[in-house]
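> Show me the folded form of this:
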Amino acid sequence: MLDINYIRQNTEGIAAMLHNRQLSAEEPKLHRVLACDKERKELVQRTDEQKALRNKVSKEVAEMKKQGTGSPDELIIQMKSVSEEISLMDSALGQLEEEMESILLALPNKLHPSVPVGRNAADNQIFGEPVAFCSRP
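Numbers count the residues shown, from 1 in each chain. The predicted structure is shown next:
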């Protein structure tokens with residue numbers, strides 16, 4: 001399986017490798033995994049921001065209860081909606097990661113530079129004479 005970091009850094013090389021393997025039809029998967037990766041990064045950032053907000057407000061609510069100043073009920077209601085939003089983003093993140101993994105598993109590994117480009121097995125180069133094995137009657 002190709003690493004997502006390698007794919008980010010070598011997108012054109014991987015597209016060329018797919019073309020060399022006669023798998024140009026797989027190129028949309030390459031672009032889809034990059035789009036999923038970008039979306040995943042944005043979703044992780046938004047989720048982390050919401051979690052930080054929830055933690056900050058939770059400390060404020062605890063402080064308000066401790067000091068007895070004001071009613072934290074409104075903040076608690078707001079944080080319930082933030083918690084629901086966080087759980088929705090976490091489930092969306094899980095779905096994105098599953099989709100990325102299935103695409104990454106479907107993409108072939110990179111070719112060794114010494115592998116010649118050809119359409120099928122008939123294009124393979126043969127070096128030397130084939131070995132003849134002794135057969136017993």
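
> Report the secondary structure element holding Q50.
helix 27-67 (DSSP states H and E).

> Would you mind identifying the next helix or strand past that helix?
Following helix 27-67 toward the C-terminus (DSSP H and E): helix 73-106.

> what packs against that next one?
helix 4-9, helix 27-67 (3 or more C-beta pairs under 8 Å, 6 or more residues apart in numbering; DSSP states H and E). C-betas here are computed from N, CA, C, even on glycine.

> what angle separates it from helix 27-67?
Interaxial angle of helix 73-106 relative to helix 27-67 (axes from the mean of the first three to the mean of the last three C-alpha atoms, to 10 degrees): 160 degrees.

> Student question: in the chain, what's the helix or strand with minimum average pLDDT?
Using mean pLDDT, DSSP states H and E, helix 11-20 stands out as the lowest-scoring helix or strand of the chain, at a mean of 91.

> Helix 27-67 and that helix, what's the angle between them?
Using the same axes, to 10 degrees: helix 11-20 against helix 27-67 is 140 degrees.

> neighbouring contacts of helix 11-20?
2, 7, 24, 26-27, 30, 34, 107-108, 110-111, 117 (C-beta atoms under 8 Å, 6 or more residues apart in numbering).

> What of stretch 87-98?
36, 39-40, 43-44, 46-47, 50.

> which among those residues end up buried?
Neighbour counting over the contacts of stretch 87-98 (16 or more other C-beta atoms under 10 Å) leaves 36, 40, 43, 47 as the buried ones.

> picking that back up, could you tell me which residues within the least confident helix or strand of the chain count as buried?
14, 17-18.

> Rebuild those as CSV, extending it with distance to K59.
Listed next are these as CSV, based on distance: C-beta to C-beta, whole Å:
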residue, distance to K59
I14, 46
M17, 51
L18, 51
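
> I appreciate the help and will end here.
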